[in-house]
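**Student:** A structural model of the following input is requested.
(2 chains)
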Amino acid sequence: MRSRLLILAGVVLALLLATLTGCSDSGSGGGGKVRLRFQSLAWQKESVAATKELVKEWNAAHPEVQVQYVQGSWDTVHDQLLTAFEGGEAPDVIHDASDDLADFAYGGYLADLRPLLPAALKEDIPARSWQTATFGKGVYGVPFLQEPRVLIANTKIITSSGVRIPTPEQPWTWEEFRQVAKRLSGKGRYGIAWPLREPVSITLNLGLSTGGQLFHREADGKVRVAFGEGDAAVPTVVHDQVNVDGSAARTTLGMGGSDTLPGFFGGRYAMAALGFSYRQQIVQQAPKGFEWTVLPAPAGSEGLAQGVSPQTLSVAEDSPHKREAAAFIGFLLQPRNMVRLAQGDWMLPTGAAALKDPALHTARYGWATGAALAGALRSAPAQSVRGYPEWKDKVATPALQEYYSGAIDLGQLRKRLVKDGNLVLARYQR
Amino acid sequence: MALLGYLVFLAFPFFWLISTAFKPARELGSLHPTWIPRHPTLDNFRQAFDEQPLLRAGFNSLVAAVSAALIAVVVATPMAYVMARRRGRLATAATGWVVVSQAFPFVLLIIPLFLVLKSLHLINSVAGLVMVYVVWSLPFALWMLVGYVRAVPLELEEAAAVDGAGRLRTLVSVTAPLLAPGIVATGLFAFITAWNEFFFALVLLKTPEKQTLPVVLTHFLGAEGAADLGPLAAAAFLATLPSLAVFAVIQRRITSGMLAGAVKS
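**Tutor:** Numbers count the residues shown, from 1 in each chain, chains lettered A, B, ... in the order given. Modelled structure (predicted):
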């Protein structure tokens, strides 16, 4: 019995060793072919399909430059890339978000794309979008998809209430929005759901509409935090909706966007402040007959301006095939392809030609409202600030969460964001 | 009652995972969630298999976890025996090092480890990953086994020696059967640790065909906490099954092993 067991264990071990040997990386193939690894963060069914199709089309048309699609994940991309860069094993073409690029760009891990990209692509993407991926003097990513924050509203509730329906041409002011949210509130119902589990980027990005900037680059080139009236306007509205008017649901302060959807479908919230791409989840999950509409976020002294951190495509500095990688990016972001990617991710393209595509101007699913906002999108205020991730995690997130929940007042919020914030940033700017 | 309550508490996430895996998308978005799906569907499973290479990833995970568990047990058992039976400064120092080595967060280790594996040409290889898993699980495996060895009365080995058994015979016929439950439990620990491990697999495996199940599961997650919940739950449910199956099979072995050797024939 024992000997049989020993033989069995030996066979299992031999099989495993054989499998492991077979699993070893044999390195990239030869034959003079260039092989590029493209790490994509597309995750929704349609966007994965669109991206894979484009890779297939490229490979069919370019037998000498073959691209391998590698699936990455938004949740883990930063740590994974950092390790890969340090180990000299990064993918050739890298999909990320512009607000994640600063440290990689300043660290010398990404190639400056200015001499590599086709002229048509450079001209097609507006300067304000290029700004999101410009660090120092170099451009380290091609911004290609962007997502404004919008108000998704329950059509029946909002039309029956008799409030004025805002449009991109005539949006609500922040004060008007506050009044509307009050009117839409009722027994067991809140006017607005603010999913603020990660409150910093929402607050900063929407704050551009009221002239908020928070981060100011001074004459010595250093960035300092200052909290003026423009910065206070949006946080004050949200705070008062939760703590004074009762028109915003306190429970949503700790939620992510997806968490608010059941309450939104159930009529508990008349509106929800969500990213434009959440429409896909709404289409999938909304009960039959549920009617919803996309409204622009409220406007302030700066109109509908709001900050975005577009999705980007970069090339690793260590890649031996930078030109081929840039050519692949050029192919991927041709206007018609950019439209396919935008539709797959339910976002807006940055390219001017792609943005004109009729498919993105249909009223269906609010595409037209989103497309009308594209001109107002700016680089997120924190985009190129070194030390921002630490400021966000250690200072701004807890301070804003406490302020929105009513635990501290505006003066205390200001003090923490500025005083504690500048201490953090100073360490990165010595 | 307390035990029952505890079991219910432990089982709830798994129950909810199964329930979610069988719910259609519209039921997932309901304000009034149901314990049992009203309209159970296999769509989430179909979608999960359509979108991600779950079978291949599962096979990679299985190879990595079984290999890591076998190697960890084979290496740790003799080491544990020596550490448990030999008293002295070396054994004390070795025990101390095992404890200290557990204190290093692996985030600190990953870049040096990555560079070492790269120089050995073991990046993007399941063999490299297995090596990491063995090194990672070895200290705790050793710690567990030392305890099991110490629980085996030394007098039994001395009695065997008096009866004329040699060192090897004593180890194989007397000590090993009594140690079997400990070895099985340690192997189970090493298997589950490797099966669930995510971060090393994420950074060490570059190409899709090498990725393990935990890495592939993250592909159902989007930015800012957005998730393709139904397929994610379906895939996660399938990913828990091998661990449960291994545990179910081995649990019997642990129980029977505890009795084996108690009576010397």
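
**Student:** make it CA atoms for all contacts and neighbour counts henceforth
**Tutor:** Noted.

**Student:** Tell me the spacing between the closest residue to chain A within the stretch 51-200 of chain B and residue A:117.
**Tutor:** Closest to chain A within the stretch 51-200 of chain B is residue B:125: 4.4 Å, counting by C-alpha to the nearest C-alpha. Distance, residue B:125 to residue A:117, by C-alpha to C-alpha, to the nearest Å: 34 Å.

**Student:** Run through the residues that contact the closest residue in space to residue B:60 that isn't next to it in sequence.
**Tutor:** Nearest residue to residue B:60, sequence neighbours excluded (C-alpha to C-alpha, 6 or more residues apart in numbering or on different chains): residue B:212, at 5.4 Å. By C-alpha atoms under 8 Å, 6 or more residues apart in numbering or on different chains, residue B:212 lies in contact with B:57-61, B:201.

**Student:** and if you look at residue A:173?
**Tutor:** Counting by C-alpha under 8 Å, 6+ apart, residue A:173 makes contact with A:298-300.

**Student:** Wait, residue A:344 touches residue A:46, no?
**Tutor:** Yes - with contacts counted by C-alpha atoms under 8 Å, residue A:344 reaches residue A:46, the gap being 4.6 Å.

**Student:** Name the residues of the stretch 51-200 of chain B found near chain A, please.
**Tutor:** Proximity of the stretch 51-200 of chain B to chain A is confined to B:51, B:63, B:67, B:110-111, B:114-115, B:118, B:121-127 under the rule C-alpha under 8 Å from any C-alpha of the partner chain.

**Student:** Give me the buried entries from those.
**Tutor:** Neighbour-count burial (16 or more other C-alpha atoms under 10 Å in any protein chain shown) applied to those gives B:51, B:63, B:67, B:110-111, B:114-115, B:118, B:122-127.

**Student:** how about the residues you listed in a markdown table, adding pLDDT and secondary structure?
**Tutor:** Putting these into a markdown table (pLDDT from 0 to 100; DSSP: H, G, I helix; E, B strand; the rest coil) gives the following:
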| residue | pLDDT | secondary structure |
| --- | --- | --- |
| B:51 | 88 | helix |
| B:63 | 95 | helix |
| B:67 | 96 | helix |
| B:110 | 82 | helix |
| B:111 | 82 | helix |
| B:114 | 86 | helix |
| B:115 | 87 | helix |
| B:118 | 88 | helix |
| B:122 | 90 | coil |
| B:123 | 89 | coil |
| B:124 | 89 | coil |
| B:125 | 91 | coil |
| B:126 | 92 | helix |
| B:127 | 93 | helix |
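
**Student:** Count residues in the vicinity of residue B:19, would you?
**Tutor:** Using other C-alpha atoms under 10 Å in any protein chain shown, residue B:19 is surrounded by 20 other residues.

**Student:** can you check residue B:152 too?
**Tutor:** Around residue B:152 there are 16 other residues, counting by other C-alpha under 10 Å.

**Student:** same thing with residue A:43?
**Tutor:** 26.

**Student:** SS state for it?
**Tutor:** Following DSSP: H, G, I helix; E, B strand; the rest coil, the label given to residue A:43 is coil.

**Student:** pLDDT weak spots in the chain?
**Tutor:** Using chain A. By pLDDT under 70, the weakly predicted segments of chain A are A:1-31.

**Student:** wrong one, I was asking about chain B
**Tutor:** In chain B, residues with pLDDT under 70: B:225, B:252-265.

**Student:** any idea how far residue A:322 lies from residue B:245?
**Tutor:** Residue A:322 is 48 Å from residue B:245, where distance means C-alpha to C-alpha.

**Student:** out of these two, which sits in the busier spot?
**Tutor:** Using other C-alpha under 10 Å, the more surrounded residue of residue A:322 and residue B:245 is residue A:322, with 21 against 11.

**Student:** Which residue, other than its chain neighbours, is closest to that one?
**Tutor:** Nearest-residue entry for residue A:322: residue A:315, 6.6 Å, with adjacent residues in sequence omitted and distances by C-alpha to C-alpha, 6+ apart.

**Student:** Could you check which of residue A:344 and residue A:46 has the larger neighbour count?
**Tutor:** Taking other C-alpha under 10 Å, residue A:344 and residue A:46 do not tie; residue A:344 has more neighbours (21 against 17).

**Student:** How about the contacts made by that one?
**Tutor:** Contact analysis of residue A:344 by C-alpha under 8 Å, 6+ apart lists A:44-50.

**Student:** Just the element for it, please.
**Tutor:** Following DSSP states H and E, the helix or strand that holds residue A:344 is helix A:335-345.
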